[in-house]
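Colleague: Provided below for reference: sequence and predicted model.
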Amino acid sequence: MPRLLQSQRESLELAVTNYETHLTEVMPYLKSRGITEETARTFRLGYVKHPELGHEQFTNRIAIPYITPTGIVDIRFRSADATDTGPKYLSRPGAPTHIYNVKALGEDTDTLVVCEGEFDTIIATQARLNAVGLPGANNWKSFFVRLMSDFTRVVVLIDGDNAGREMGKHLAREVDNCVVVPMPDGMDVNDVYLQEGAEGLHKRVGT
């Protein structure tokens, strides 16, 4: 995977700094999904009110930066409109696939939780689970296995739908120490958190 140029990293940082200044405009929606302002600011979430050059198609979306120890490597954009019938998530054209919340890969713990998508990862982390996010089975990269090999347990929290089940099957084949835990039909991690709180997620993970 090609490394980002310094100028690209600076451009991504500039965009995130811009968008996070408008976070308050989207906090009512985030709170409705169970995300606190403290969590939103920890993950540097933002709102695309005044898009950077090339980001015009992401106007009025939530900006979700991919933060690594060396800086920001990507931004994805989520709809903040519950009535929007278009794609929930949009990516920058040509952007490679990354694991979300890579900080969790370096934590000194036996268990890694894998979620399907960024919002579920944010919620799981807020619930004090050590969580990363993957954007579906189709975006799995073979080297991801090495990144998870230091954990005794890799618990995959899959959505309660066909796409989630396919992701669970895929990871079960790829990761030796994998335990697949489905959410109830039609629900994801975020839905379970809203219904059952952090306790519901910890019960499913076994922590």
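Modeller: Yep, that arrived. Numbering: from 1, shown residues only.
Colleague: What residues sit buried inside stretch 13-26?
Modeller: A15, V16, N18, Y19, E20, L23, V26 (16 or more other CB atoms under 10 Å). Every C-beta, even on glycine, is put in place using the N, C-alpha and C of the backbone.
Colleague: mind listing which of these are in helices?
Modeller: Among these, the members found in helices (DSSP state H) are A15, V16, N18, Y19, E20.
Colleague: who touches the second one in this structure?
Modeller: By that I understand V16. R44, G46, A63, P65, I72, I75 (CB atoms under 8 Å, 6 or more residues apart in numbering).
Colleague: Which pair in these has the greatest spatial separation?
Modeller: G46 and I72 (11.4 Å; CB to CB).
Colleague: Can you give me the neighbour number for the closest residue to T21 other than its chain neighbours?
Modeller: Among residues not flanking T21 along the chain, G46 sits closest, at 7.3 Å (CB to CB, 6 or more residues apart in numbering). Number of residues near G46 (other CB atoms under 10 Å) recorded here: 26.
Colleague: pLDDT at the closest residue in space to V102 that isn't next to it in sequence, what is it?
Modeller: Spatially, and ignoring its direct neighbours in sequence, V102 is nearest to T68 (5.4 Å; CB to CB, 6+ apart). For T68, the pLDDT comes out at 93.
Colleague: for G136, same thing?
Modeller: 67.
Colleague: which outside residues touch the biggest helix by length in the chain?
Modeller: Secondary structure of the chain per DSSP H: the longest helix is helix 189-205. Identification of contacts with helix 189-205 by CB under 8 Å, 6+ apart yields 33-34, 111, 113, 115-116, 119-120, 123-124, 126-129, 155, 157, 159, 181, 183-184, 187.
Colleague: can you do 6 Å?
Modeller: The contact list for helix 189-205, computed with CB atoms under 6 Å, 6 or more residues apart in numbering, reads 33-34, 113, 115, 119-120, 123-124, 127, 155, 157, 181, 183.
Colleague: Just those residues: which are in strands?
Modeller: Members of the contacts of helix 189-205 lying in strands (criterion: DSSP state E): V113, C115, V155, L157, V181.
Colleague: tell me the contacts of the second one?
Modeller: In this case it means C115. C115 neighbours (CB under 6 Å, 6+ apart): T121, A124, A131, G133, L157, V189.
Colleague: which residue packs closest to it, ignoring adjacent ones?
Modeller: Per CB to CB, 6+ apart, closest to C115 is T121, 4.5 Å.
Colleague: circling back to that earlier point, by pLDDT, give me the weakest of the contacts of V16.
Modeller: Among the contacts of V16, I72 has the weakest pLDDT, 94.
Colleague: thinking again about what came up before, close enough to count as contact, the residue nearest to T21 and Y19?
Modeller: Yes: at 2.8 Å, G46 counts as touching Y19 under the criterion of CB atoms under 6 Å.
Colleague: pLDDT at the most centrally placed residue in the chain, what is it?
Modeller: Residue closest to the average C-alpha location in the chain (CA atoms, centre = their mean): E118, at 1.6 Å. We have a pLDDT of 95 for E118.
Colleague: my read is F77 is in a helix, agree?
Modeller: No: F77 sits outside any helix when classified using DSSP: H, G, I helix; E, B strand; the rest coil, being strand.
Colleague: That one bridge partners, please.
Modeller: Note on F77: beta-bridge partners by DSSP bridges are A63, L90.
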